[in-house]
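Q: fold the following, please.
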Amino acid sequence: MKMIFFMCLKLFPLFVVFNSFAGAVLIDLPENATIPAVIFFGDSIVDTGNNNYITTVAKCNFRPYGKNFIGGKPTGRFSDGKVPSDLFAEELGIKPLLPPYLDPSLQDQDLLTGVNFASGASGYDPLTSDPGFVFSLSDQLEMFEEYIVKLKKIAGEEKSSTILRESIIAVATGSNDILNTYFLTPSRRFQYDVPSYTNLLVSYASSFVQELYRLGARRIGVFSMPPIGCAPSQITLQGGLERKCVDKYNEIAKLFNNKLSAAITSLNTRFTDARIVYIDAYNPTLDIILNPQKYGFKIADRGCCGTGLVEVSLVCRYACSNVNDYVFWDSFHPSEKTYRILARRILEQYISYFICGKSFC
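A: This is a model prediction of the structure:
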């Protein structure tokens, strides 16, 4: 059992939701293409509740989290409702929710159509998960290997290999590495300057992707780092009276993203039977933050939860009356409305790359 005292800073009614989903494919797939499952790794941006099952304050299985979730239920998702991992599964017509792997109520069908290994407060750097005693990417890989054994018992060797090969398997993390591990704790700053630390993170990301490939994944998505300097918590701490995005942090995110993109290009050259897709989450997120009215929002520099200035996780105790006005749910995590816009845009832009390695098939 994992324990923690470190605070994570990364940081519709049931009938209507499930019947509106109805298994319909919302994203058009290329002809004859199938995506049997969605599997996610990463941090609180995509965690659907794995941290509920460990002793940690890096969790949110309490109100007001889940305010707009099915039945208003808090589930361990760091938002008012669904998160990107859920929305990928929904938009692809696979299922309405992506369950956490540690959920004891998982059924065989859940394993066949994908699960979630993400853990809030984790990162590429193994040190990032240590203060919080949450699941590192190495821990998540171990659970994935355990999952594969279970999958083979349910579906057999051949079908399991097909599921792993044809599913979208994605990782979304990195923000905690910069904001928490590098800038809030001293060890990495003593060892690395910013360029060399981003090199270290990219090397961890590359190794992780190669492990996924070794285990049978062939359609692998790697999310860029978002504009972390525009998170309300960072604006509050360093954005000044005008509450502007913190350029220093956004520049670091862009530096990391450029290196990550190059690394993904190199991996595709090496593993020619795979479709390893660099997913730009930085620019579409920044566009929403800088132009909120264009997307139907009113407020982009603070969250709905509490004052919206610094609250996240355990210190998020009450919420605004209309979360749909806000780009951010708490001081770090976007709202479901924001995630829906991003998930749809990302899938429309990148789905062909997962299937045939180019912008159209």
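Q: okay, now K294: neighbour count?
A: Around K294 sit 9 other residues, with neighbours defined as other Cβ atoms under 10 Å. The way it works is simple: take the backbone N, C-alpha and C, and place the C-beta from them, glycine included.
Q: for N268, phi and psi?
A: phi -70, psi -30 (degrees, to the nearest 10).
Q: distance of it from A118?
A: 24 Å (Cβ to Cβ, to the nearest Å).
Q: and the two? which has more neighbours close in?
A: Taking other Cβ under 10 Å, N268 and A118 do not tie; A118 has more neighbours (32 against 17).
Q: show the contacting residues for that one.
A: If you count contacts by Cβ atoms under 8 Å, 6 or more residues apart in numbering, A118 has them with 40-48, 50, 85, 140, 172-173.
Q: middle-most residue in this protein, spatially?
A: In the chain, the C-alpha nearest the mean C-alpha coordinate belongs to V46, at 3.2 Å (Cα atoms, centre = their mean).
Q: list the contacts of it.
A: Contacts of V46 by Cβ under 8 Å, 6+ apart are 40, 83-85, 116, 118, 170, 172.
Q: A274 too?
A: A274 touches 213, 217-220, 267-268, counting by Cβ under 8 Å, 6+ apart.
Q: return the distance of it relative to D43.
A: A274 is 24 Å from D43, by Cβ to Cβ.
Q: ok, P100 next?
A: 13 Å.
Q: is T75 in a helix, a strand, or coil?
A: coil (DSSP: H, G, I helix; E, B strand; the rest coil).
Q: just Y124 next, same as before
A: Per three-state DSSP, Y124 ends up coil.
Q: what's the residue of the chain most remote from its centre sitting at in phi/psi?
A: No residue in the chain sits farther from the centre than L241, which is 30.4 Å out by Cα atoms, centre = their mean. L241 adopts backbone torsions of phi -60, psi -30, taken as degrees, to the nearest 10.
Q: again with R275
A: In terms of degrees, to the nearest 10, the main-chain angles of R275 are phi -120, psi 90.
Q: that one pairs with what?
A: R219 (DSSP bridges).
Q: next one, pLDDT for it please.
A: R275 is assigned 98 on the pLDDT scale.
Q: which stretches of the stretch 251-361 of the chain form helices?
A: Using DSSP state H, counting those that start in this stretch, the helices found in the stretch 251-361 of the chain span residues 282-290, 336-356.
Q: average pLDDT for the last one?
A: Taken as a whole, helix 336-356 has a mean pLDDT of 97.
Q: just checking, what packs against it?
A: Applying 3 or more Cβ pairs under 8 Å, 6 or more residues apart in numbering; DSSP states H and E, we find helix 336-356 packed against helix 84-91, strand 219-223, strand 275-279, helix 282-290.
Q: adding mean neighbour count, write the ones you listed out as JSON lines.
A: Listed next are those as JSON lines, based on neighbours: other Cβ atoms under 10 Å:
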{"stretch": "helix 84-91", "mean neighbour count": "26"}
{"stretch": "strand 219-223", "mean neighbour count": "24"}
{"stretch": "strand 275-279", "mean neighbour count": "22"}
{"stretch": "helix 282-290", "mean neighbour count": "18"}
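Q: how about CSV for the ones you listed, with distance to S331 added?
A: CSV is the format used below for those (distance: least, Cβ to Cβ, whole Å):
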stretch, distance to S331
helix 84-91, 18
strand 219-223, 20
strand 275-279, 24
helix 282-290, 13
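Q: what's the closest of the ones you listed to K254?
A: helix 282-290 (6.8 Å; Cβ to Cβ).
Q: please name every helix or strand in contact with the closest one.
A: helix 247-270, strand 299-303, helix 336-356.
Q: just name the most buried of the ones you listed.
A: Mean neighbour count (mean count of other Cβ atoms under 10 Å) peaks for strand 299-303 among those, with a mean of 23.
Q: need the nearest residue in space to W329, chain neighbours excluded.
A: Once flanking residues are discounted, W329 sits nearest to S335: 4.4 Å by Cβ to Cβ, 6 or more residues apart in numbering.
Q: likewise for F256?
A: Per Cβ to Cβ, 6+ apart, closest to F256 is T198, 4.4 Å.
Q: how close does that neighbour get to K254?
A: Counting by Cβ to Cβ - T198 and K254 are separated by 10 Å.
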